[in-house]
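Chemist: pasting a predicted model and its sequence here:
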Amino acid sequence: MPQCLKTKVFEQCVLSVMTYGSETWSLTMGLIIRQLVTQRVMERAMLGVSLRDQIKNVEIRRRTRVTDIAQRVAKL
């Protein structure tokens with residue numbers, strides 16, 4: 001599956017579900033960090049990169065071009 005299609009599905013399906021669920025919570029910093037970690041794990045899985053490859057999160061975010069969930073939640 002091409003990377004652009006994976007990114008589109010992630011943006012439209014996964015992020016929307018994660019943000020919809022978080023709208024009802026009283027967000028603490030711990031919950032936001034959990035969401036960020038979950039998003040990073042999913043992005044690494046999309047690229048087929050493991051933690052052992054030692055690729056920084058900034059580089060992964062640049063490759064996937066996915067919006068940050070913390071920014072999206074703050075906007076909502």
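Modeler: Good, I have the coordinates.
Chemist: pretty sure Q35 contacts M18?
Modeler: Yes - the criterion here is C-beta atoms under 8 Å, and Q35 meets it with M18 at 6.3 Å. Where you see a C-beta, it was placed from the backbone N, CA and C, and this is true even at glycine.
Chemist: more crowded one of these two?
Modeler: Q35 (21 against 16; other C-beta atoms under 10 Å).
Chemist: now do the shared contacts for Q35 and M18.
Modeler: Overlap of the contact sets of Q35 and M18 (by C-beta atoms under 8 Å, 6 or more residues apart in numbering) consists of I69.
Chemist: spatially central residue for this structure, please.
Modeler: By C-alpha atoms, centre = their mean, the chain has its centre lying nearest to Q39, at 2.9 Å.
Chemist: surely that residue meets Q71?
Modeler: No - when contacts are counted by C-beta under 8 Å, Q39 is not listed as touching Q71 (11.1 Å).
Chemist: give me the low-pLDDT residue ranges for this protein?
Modeler: Along the chain, no part satisfies pLDDT under 70.
Chemist: for it, just list every one of the helices.
Modeler: Counting by DSSP state H, the chain has these helices, from start to end: 3-9, 15-22, 29-47, 57-64, 69-75.
Chemist: next, the buried residues of the longest one.
Modeler: Along helix 29-47, the positions that meet the burial threshold by neighbour count (16 or more other C-beta atoms under 10 Å) are 35, 39-40, 42-44, 46.
Chemist: out of these, flag the one nearest to I55.
Modeler: Nearest to I55 out of these is R44 (C-beta to C-beta; 8.2 Å).
Chemist: distance check, the closest one against W25.
Modeler: The spacing between R44 and W25, counted by C-beta to C-beta, to the nearest Å, is 25 Å.
Chemist: same check, this time on V73
Modeler: 10 Å.
Chemist: repeat that for A70.
Modeler: 14 Å.
Chemist: more neighbours: these two, which one.
Modeler: Between A70 and W25, counted using other C-beta under 10 Å, A70 has the larger neighbour count: 15 against 9.
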